[in-house]
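1. Here you go, sequence then predicted model.
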Amino acid sequence: MATAVVLSPAHDAFAPEIQGSQALPAWKVPATTKEPLDWVSLETIDLNDLDSNDPSVRESLISRSKHALSVDGFLYVVGTGVTQETIERQLAITQHIIKGIADEEKVGYTAKLSEGSYRGHKPKGIWSREGVVDNIEHYNFESPSFDGNIDQHPPSLRPFLPEIQASADYTYNHIVRKILEIISLVLELPPDALWKLHSQDGVIGDSCQRYMGYHPRSQEDEEKTKNIWSKGHTDYNTISLLFSQPIAALHILTPNNEWKWVQHRDSAVVVNVADALDFLTGGVLKATRHRVIRPPADQSDITRLILIHFARARGDLVLDPLYESPIVKRDGVHAFQDRIDAGERAPTQAEWLAERIKRTGHEKYTEHKKPGEGRVQEQVLGRKVDYYV
């Protein structure tokens, strides 16, 4: 059955007839957990409020967004124009990529992680901790992924490229753009200020759309790793958009230094501040540590399939604070002041991204801690980076 999305006039390419045009097993929506988890309380904003003619509605939107992004670093976004049906179709594509395409077929399309690139396939089991290999698999699309060269993708994925491209295009050029407009207003900048720092070349500029799966692990492996599937970290880009799905596994570290669960909401997108936006705002907006842990018992045997969009600033953008923002000028602190004092410049978005990708799974911590023992640090391009192992 074809699915639909509410279109903006600029995005006719995301046509309803594209959706579901290729036969594919449906993604069976998992039941939400019945376990009483310690859910985090997050703000919800509606993108439609940005177009309100009522000044009080817009003022409330900006005020609530400012508080959420400067304190929690996370919020829910609704009013994206994407239906739950469309999200479920995209997760069916995720299911096909992760579980439907044989590992042997994906072998020749591996991402060049050692060169600082996620584009392509990241197989599970290439990283190890305490003798346990990782259970994380993903396939990443960037603008060059849509350049017409279908040979860069596995044959069984190629029929779905039009849907994937349409989704990535709409997410970046409509949803991301609107969120960046809100954040620009939070910073008391012109509405298009942050969008101008993101490339408009190609389908999604320098950004990335990821189709991802976390595979279930044995009880023995869970005990060795303290149920941690992805250690506490920050993302490397400006903002990350996770299309909400029912399997509970995402934790965020609250300002009170407590790990709390992020609850599923139909048709919502979970948005978080990432490193580059933290740096550009001088820390006014917070890149919050988050992690992925084993889901509760009534969901732990299901592969957790997710769709994420990582919005990235222009690759050549130097990550200096935006001092033209009155708020950043007043409260911001340069993340790379030590480099500046030494006569160097801050890294660019591309440099920071590549260095973080190269180190993922191969971090060089300043001290050794076993899984579950808390915070560790490493030096990355002159800055201390925190993880929670």
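-> Structure's in. What do you need?

2. for whichever helix or strand L75 is part of, packing partners?
-> Per DSSP states H and E, L75 falls inside strand 74-78. Packing partners of strand 74-78 (3 or more Cβ pairs under 8 Å, 6 or more residues apart in numbering; DSSP states H and E): strand 44-46, strand 269-273. (C-beta placed from N, C-alpha, C; glycine too.)

3. Strands of the stretch 51-200 of the chain, residue ranges please.
-> All strands of the stretch 51-200 of the chain, identified by DSSP state E, counting those that start in this stretch, fall at 74-78, 120-122, 128-129, 132-133, 136-141.

4. Nearest approach to E363 belongs to which of those strands?
-> Within the strands of the stretch 51-200 of the chain, the stretch nearest E363 is strand 128-129; the backing value is 10.2 Å (Cβ to Cβ).

5. Partner strands of the closest one, with direction?
-> Sheet pairing of strand 128-129 (DSSP bridges) gives strand 132-133 (antiparallel).

6. chain center to the partner strand, what's the gap?
-> Mean-position distance between strand 132-133 and its chain equals 24 Å (Cα atoms, centre = their mean, to the nearest Å).

7. Show the contacting residues for A311.
-> Contact analysis of A311 by Cβ atoms under 8 Å, 6 or more residues apart in numbering lists 172, 176, 180, 198, 207, 237-241.

8. can you pick the most crowded of those?
-> Neighbour counts for the contacts of A311 (other Cβ atoms under 10 Å) peak at T238, which has 30 neighbours.

9. Now do it against T86, distance only.
-> As judged by Cβ to Cβ, to the nearest Å, T238 and T86 stand 24 Å apart.

10. again with Q263
-> Noted for Q263: a distance of 21 Å to T86, by Cβ to Cβ.

11. Please identify which of these two sits among more neighbours.
-> Neighbours were tallied for Q263 and for T86 using other Cβ under 10 Å; the higher tally belongs to T86 (25 against 19).

12. so where's the stretch 1-150 of the chain uncertain?
-> 1-21 (pLDDT under 70).

13. all helices of it, in order?
-> Counting by DSSP state H, counting those that start in this stretch, the stretch 1-150 of the chain has helices at residues 55-67, 84-95, 103-106.

14. same question, the stretch 251-389 of the chain
-> 275-280, 326-331, 337-341, 349-359.

15. now these as a markdown table including mean pLDDT?
-> Formatted as a markdown table, the helices of the stretch 251-389 of the chain follow (pLDDT from 0 to 100):
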| stretch | mean pLDDT |
| --- | --- |
| helix 275-280 | 99 |
| helix 326-331 | 98 |
| helix 337-341 | 96 |
| helix 349-359 | 98 |
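
16. ok, and which of these has the densest surroundings?
-> Highest mean neighbour count among those (mean count of other Cβ atoms under 10 Å): helix 275-280, with a mean of 26.

17. and that helix, how far out from the chain's middle?
-> On Cα atoms, centre = their mean, the centre of helix 275-280 falls 14 Å from the chain's centre.

18. which other residues reach it?
-> For helix 275-280, the surrounding residues in contact (Cβ under 8 Å, 6+ apart) are 183, 194, 197, 234-239, 285-287, 312-313, 319-322, 328, 335-336, 346, 349, 352, 356.

19. give me that answer again for 6 Å
-> The contact list for helix 275-280 (Cβ atoms under 6 Å, 6 or more residues apart in numbering) reads 234, 236-238, 285, 287, 313, 319, 322, 335, 349.

20. Going by distance to S63, which of those residues wins?
-> Of those, the one sitting nearest to S63 (Cβ to Cβ) turns out to be L285, at 14.2 Å.

21. most centrally placed residue in this protein?
-> Residue closest to the average C-alpha location in the chain (Cα atoms, centre = their mean): S240, at 3.3 Å.

22. Just list the residues touching D72, thanks.
-> Neighbours of D72 in contact, by Cβ under 6 Å, 6+ apart: none.

23. quick one: it and A23, what's the gap?
-> D72 is 41 Å from A23, by Cβ to Cβ.

24. cool, and R119?
-> According to Cβ to Cβ, R119 stands 27 Å off from A23.

25. Neighbour count for these two, which is higher?
-> R119 (17 against 6).

26. mind checking the backbone torsions on that one?
-> Per-residue torsions, R119: phi -60, psi 130 (degrees, to the nearest 10).

27. For I98, which non-adjacent residue is closest in space?
-> Closest residue in space to I98, ignoring its immediate chain neighbours: G213 at 3.5 Å, by Cβ to Cβ, 6 or more residues apart in numbering.

28. Select, out of the strands of the stretch 51-200 of the chain, the one closest to K28.
-> strand 136-141 (18.9 Å).

29. Not counting the closest one itself, show me its contacts.
-> For strand 136-141, the external contacting residues (Cβ under 6 Å, 6+ apart) are 97-98, 118-119, 121-122, 124, 168, 208-213.

30. so which of these comes closest to E378?
-> Nearest to E378 among the contacts of strand 136-141, with distances taken as Cβ to Cβ, is Y118, at 19.4 Å.

31. So that closest one versus H290, what's the distance?
-> Note on Y118: its distance to H290, by Cβ to Cβ, is 18 Å.
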